[in-house]
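Asker: no sequence on hand, only this structure:
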């Protein structure tokens, strides 16, 4: 493994394990520094023991570079791989289901509130065996997440087209996580929504609205012909975000008529997302079971905001298996062409 690749793999594993972002970034920064060196320069730095003189390379990252340069698997990387295997033992049925997933339909880049460039997210998706990913940065209304204006989304479409030429046969599907406005409309122009491959529609505001209001809002969004996936439907957080006083306060579920909403998903061909983020795990098992009983299709997504989080899909897979969801009901077990035929139907 090349030194920069070893550093990025370590960053991926640290992210996967939800380690602090500063630790993750240290290895990504060192990888970028190493990428900027020619082979002779890197060899000279190692022979003269001056790697640590480079800004962004510390003792731990330097040790990884030296060991990888010698053709060894860095000791720290070996330890992390072993720790992860012990932390996340994967049953055979989970592994088989996870292997059937050909892509991820909900993830973010640094164009909105993600932490990494589009290319880095795509390369991480390739590394874990995906054939495609849908890039679903936020829509304009979510200013706190740097949501994409129509003009910025237009620019992103051009960037994605260029990357797809470079990364083929891997495909970045164009998409958006579109806010569901209070009246149920979607937070982007119809013209742009019609040009996208995948539209994930999610509620991010007024989460404590009355059940009748929330139900009507979601029914309107689900019926929108542009909506492909209903994202994290209850909006809950089982692990709360840190407050100013240091507490982590969970967020309860939004209330709505789940039977009516899921029946509408079946009627209008909208998949229900099984959100794999550890702090969301949405929908709860009782609602996931209800959606399955009513005949819904599903998308098992990570809602990743960084490369290492793309490996969280097993969380959603475990819940799908527990609730009796079969792979054939999950739209991202399909090839990209099959998926696009479904979203455009």
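Answerer: Received, thanks. Please read all numbers here as calculations on a predicted model, not as lab measurements.
Asker: all strands for the stretch 1-150 of the chain, in order.
Answerer: All strands of the stretch 1-150 of the chain, identified by DSSP state E, counting those that start in this stretch, fall at 103-107, 132-135.
Asker: now mean neighbour count, mean pLDDT and distance to residue 81 too, for those strands, in CSV please.
Answerer: For every residue, glycine as well, the C-beta is placed using N, CA and C. Output for the strands of the stretch 1-150 of the chain, formatted as CSV (neighbours: other CB atoms under 10 Å; pLDDT from 0 to 100; distance: least, CB to CB, whole Å):
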stretch, mean neighbour count, mean pLDDT, distance to residue 81
strand 103-107, 29, 98, 22
strand 132-135, 29, 98, 23
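Asker: and those strands: which comes nearest residue 330?
Answerer: strand 103-107 (10.1 Å; CB to CB).
Asker: take the strands of the stretch 1-150 of the chain and lay them out in CSV including distance to residue 299.
Answerer: CSV is the format used below for the strands of the stretch 1-150 of the chain (distance: least, CB to CB, whole Å):
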stretch, distance to residue 299
strand 103-107, 5
strand 132-135, 9
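Asker: out of the ones you listed, the one nearest residue 200 is which?
Answerer: Closest approach to residue 200 among the strands of the stretch 1-150 of the chain (CB to CB): strand 103-107, 5.1 Å.
Asker: run the chain-centre distance for that closest one.
Answerer: For strand 103-107, the separation from the chain centroid amounts to 6 Å (computed by CA atoms, centre = their mean, to the nearest Å).
Asker: what of stretch 321-332?
Answerer: 19 Å.
Asker: which residues touch it?
Answerer: Stretch 321-332 has contacts (CB atoms under 8 Å, 6 or more residues apart in numbering) with 93-94, 97, 100-105, 229, 271, 274, 285, 288-289, 292, 296-301, 320, 333, 339, 342.
Asker: where does pLDDT dip in the stretch 101-250 of the chain?
Answerer: 241-248 (pLDDT under 70).
Asker: would you map the helices across it?
Answerer: 118-127, 150-167, 190-193, 211-223 (DSSP state H, counting those that start in this stretch).
Asker: so which of these gets nearest residue 183?
Answerer: helix 211-223 (7.0 Å).
Asker: compute the number of surrounding residues for the closest residue to residue 339 other than its chain neighbours.
Answerer: Spatial nearest neighbour of residue 339, excluding adjacent residues (CB to CB, 6 or more residues apart in numbering): residue 331 at 6.0 Å. Residue 331: 22 surrounding residues under other CB atoms under 10 Å.
Asker: could you flag which of the contacts of stretch 321-332 are buried?
Answerer: Applying 16 or more other CB atoms under 10 Å to the contacts of stretch 321-332, the neighbour count classes 94, 97, 101-105, 229, 271, 274, 288-289, 292, 296-301, 320, 333, 339 as buried.
Asker: now, those residues that are in helices?
Answerer: Judged by DSSP state H, the subset of those located in helices is 94, 97, 288-289, 292, 320, 339.
Asker: please report how far residue 100 lies from residue 175.
Answerer: 21 Å (CB to CB, to the nearest Å).
Asker: domains in the chain, by residue range?
Answerer: When the chain is parsed with automatic domain parsing, its domains come out as 3-85, 90-343.
Asker: now do the SS call for residue 262.
Answerer: Classification of residue 262 by DSSP: H, G, I helix; E, B strand; the rest coil places it in helix.
Asker: I figured it was touching residue 294, is that so?
Answerer: Yes: Residue 262 is within contact range of residue 294, at 4.7 Å (criterion: CB atoms under 8 Å).
Asker: buried set for stretch 272-292?
Answerer: Buried, per 16+ other CB under 10 Å, within stretch 272-292: 272-277, 279-284, 287-292.
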